[in-house]
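# the amino acid sequence is not available; the structure is as follows:
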Ligand code: PMV
């Protein structure tokens, strides 16, 4: 277990040089959802996710020594074009991590980022985007520090920094599955960073598929930040916390023993709880679309009819993630293409 103080950079020497980095980070899909947070990006409950294989952000960075250390200076390019719209969020991120990596004020950064999935697809790029930026900052620190640290330390520091950009980004550093948020029954867990389960994931989940049906492409209607905020005074806050803490243990058990029917039950229950929380907050809102519900029903009917082990989950939007074992991929992809005209991204863990 690391404490926040452990992540404050030590024994480093500013070098008057220019460094280039290129890092990629994957998106992740939560099975047990993070919804609600305290100050400092501390989650209200633990969450568990699969890290995806194909949906990634790739970021190139140049960090050039500058003569003063008064300000955070950077430019952000998206797909080769300067994009000032992203800059306030990135400034906020760099400012949030400053206490841990103060050397970032000694360099001017140029970031150039692109996603392997369409930006407008409605897949959240914040997790993979901040995870890639955190990897770059840690790569720079490794150039500057004399501190001997284990690889585990650097992974956890990367997750810790990524979290300060977007909570779910903490889960985009390691794979294939991660847990973020302190659980009293899981001694290695932390609110500060994500960890991998301390057991081998059951082979039934090997190369597990995630086909993302893009029900609604474009910007989210209600930001996750606004949604997290509404949990503070949510009438079901305490019961939700208990549910998520319980589901964290239960889903981990299924990842260990391969009990896929139980995995399906919990995964779908979590997705519906997340959206039920949105529908019962004050103000309330609905992100599911008729097509979302159509797919959910079709997934359940198909499972009942064929015995295939597919299930759905949702993030904070209308898109449906359909999860299923590798061996059933042909059958399930054919089924998906028959029930929807929407674009589908076929990813895997
Ligand atoms: O990381 P954020 O603040 O965008 O929140 C993500 C919240 C959900 O995607 C809805 C759930 C999760 O655990 O990823």
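Here it is on my side, so go on. Predicted model, so just to flag it, every value in this text is computed and none were measured.
# ok, the most centrally placed residue in the chain - contacts?
Nearest to the mean C-alpha position of the chain, by Cα atoms, centre = their mean, lies residue 168 at 3.6 Å. Taking Cβ atoms under 8 Å, 6 or more residues apart in numbering, we find residue 168 in contact with 28, 30, 34, 47, 49, 124, 126-127, 180. For every residue, glycine as well, the C-beta is placed using N, CA and C.
# 10 Å - rerun?
Residue 168 is in contact with 27-30, 33-34, 43, 47, 49, 124, 126-128, 130-131, 162, 180, 194, 224, 315-316, counting by Cβ atoms under 10 Å, 6 or more residues apart in numbering.
# of those residues, list those near the ligand.
Checking the contacts of residue 168 against the ligand by Cβ under 6 Å from any ligand atom, the ones in range are 30, 33-34, 47, 124, 126, 224, 315-316.
# output those residues as a markdown table; include the columns secondary structure.
Listed next are those as a markdown table, based on DSSP: H, G, I helix; E, B strand; the rest coil:
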| residue | secondary structure |
| --- | --- |
| 30 | strand |
| 33 | coil |
| 34 | coil |
| 47 | strand |
| 124 | coil |
| 126 | helix |
| 224 | helix |
| 315 | coil |
| 316 | coil |
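# most neighbours, which of these?
Neighbour counts for those (other Cβ atoms under 10 Å) peak at residue 47, which has 27 neighbours.
# and the gap between the residue in the chain sticking out farthest from the centre and residue 25?
Centroid-distance maximum for the chain: residue 67 at 35.5 Å, with Cα atoms, centre = their mean. For residue 67, the distance to residue 25 equals 31 Å [Cβ to Cβ, to the nearest Å].
# same thing with residue 90?
For residue 90, the distance to residue 25 - Cβ to Cβ - is 15 Å.
# which of these two has more neighbours?
The residue with more neighbours, out of residue 90 and residue 25, is residue 25; 25 against 21, by other Cβ under 10 Å.
# strands of the stretch 1-150 of the chain, start to end?
18-32, 37-38, 42-43, 47-65, 73-78, 81-82, 107-115 (DSSP state E, counting those that start in this stretch).
# for those strands, give me TSV that also has mean pLDDT.
Formatted as TSV, the strands of the stretch 1-150 of the chain follow (pLDDT from 0 to 100):
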stretch	mean pLDDT
strand 18-32	98
strand 37-38	96
strand 42-43	98
strand 47-65	97
strand 73-78	96
strand 81-82	94
strand 107-115	97
